[in-house]
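>>> model this:
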Amino acid sequence: MSSPVPVLSCQQVVKRFGELEVLRGVNLEVAEHEVVVLIGASGSGKSTLLRCINLLETVDDGVIVLDGQDITDPRVNRDLVRRRIGVVFQAYNLFPHRTVLDNVTMAPRFVHRMTRPAAEQAAMTLLARIGLADKAREFPDRLSGGQQQRAAIARALAYHPRLLLLDEVTSALDPELVGEVLALIRDLKSQGMTIVMATHEMTFARQVADRVLFLHDGTVLESGPPEQVLEHPVEPRTRQFLARFIEGGRL
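Coordinates of the predicted model:
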């Protein structure tokens, strides 16, 4: 019996910016309903890898496959690919002159051609699910940072993406607001969402990840279940990176 096709497969992915090689042959497979967490120091390649997966950056070598389709083929329609991938960055990137409801319904209405009533009904159901129904008519600047980030995640979920990419979504938040965003991600995992996320929240990574990948200098230096990578790392570089979190009581 053949194994199921992974939702995402990165094969020997290389990305350069001039003479700087940021990704140096990265391999990654993500199964359906799996949560893969990327950890590593700033500059290790986490964000660049996520941007390559969403085709915001063009890879210099290697292949990225989404549901069996080579999306790095230059003949691929990038806009169609991006409709299947939800992305949330550390900056909320909400449209400030639009209400939360408008932000969430824009892609369903203008990309997927849903009618306004249908899009708004679906959006209100989604906002209720994440505890923001009472903020639907508010503008982003009337929301806390945690609420804005949850709204950004709702916007990414509004068109039912096959894969959700989260890039340090709590790094711009005050510590007391981090928990509400992490609770939402935990809920998405329990609902079977396929997620690749970069984070510095090691305790959360241990709780939610199916696999943890440690990136160092553009390569996957260590990969495995969270209890192995975070508690019993094999590589000296991994142990060195995690030491700062152990000393800070965050692991």
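>>> need the strands for the stretch 1-150 of the chain, in chain order.
Here the stretch 1-150 of the chain has its strands, by DSSP state E, counting those that start in this stretch, at 8-17, 20-30, 35-39, 61-66, 69-70, 85-88.
>>> which secondary structure elements does the longest one contact?
Read it as strand 20-30. Here strand 20-30 touches strand 8-17, helix 46-53, strand 219-224, going by 3 or more CB pairs under 8 Å, 6 or more residues apart in numbering; DSSP states H and E. From N, CA and C alone the C-beta is placed, and that goes for glycine too.
>>> same deal with the third one?
Strand 35-39 makes packing contacts with helix 46-53, strand 195-198, helix 202-208, strand 211-216 when contacts are defined by 3+ CB pairs under 8 Å, 6+ apart.
>>> Recalculate using a threshold of 7 Å.
Judged by 3 or more CB pairs under 7 Å, 6 or more residues apart in numbering; DSSP states H and E, the packing partners of strand 35-39 are strand 195-198, helix 202-208, strand 211-216.
>>> These: which one's closest to residue 231?
Checking these against residue 231 by CB to CB gives helix 202-208 as the closest, at 7.7 Å.
>>> Just the buried residues of the closest one, please?
202, 204, 205, 206, 208 (16 or more other CB atoms under 10 Å).
>>> Double-check residue 103 against residue 155; I have them as touching.
Yes: the pair residue 103 / residue 155 is scored as a contact, 5.4 Å apart, by CB atoms under 7 Å.
>>> Next, count neighbours for residue 155.
Residue 155 has 25 neighbours, counted by other CB atoms under 10 Å.
>>> Now it: which helix or strand?
Per DSSP states H and E: residue 155 is located in helix 145-157.
>>> name the helices or strands packed onto that helix?
Helix 145-157 packs on strand 85-88, helix 100-110, helix 116-129, helix 175-190, going by 3+ CB pairs under 7 Å, 6+ apart.
>>> got the CA coordinates for that helix in PDB?
Only the C-alpha atoms of helix 145-157 are listed here, as PDB (Å, rounded to 0.1, in the frame of the first residue of the first chain):
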ATOM      1  CA  GLY A 145      -2.300  43.500  19.400                       C
ATOM      2  CA  GLY A 146      -3.500  40.000  20.200                       C
ATOM      3  CA  GLN A 147      -7.000  40.700  18.700                       C
ATOM      4  CA  GLN A 148      -5.400  42.100  15.600                       C
ATOM      5  CA  GLN A 149      -3.200  39.000  15.200                       C
ATOM      6  CA  ARG A 150      -6.200  36.700  15.700                       C
ATOM      7  CA  ALA A 151      -8.000  38.800  13.000                       C
ATOM      8  CA  ALA A 152      -5.100  38.300  10.700                       C
ATOM      9  CA  ILE A 153      -5.200  34.500  11.300                       C
ATOM     10  CA  ALA A 154      -9.000  34.600  10.600                       C
ATOM     11  CA  ARG A 155      -8.400  36.400   7.300                       C
ATOM     12  CA  ALA A 156      -5.900  33.700   6.300                       C
ATOM     13  CA  LEU A 157      -8.400  31.000   7.200                       C
END
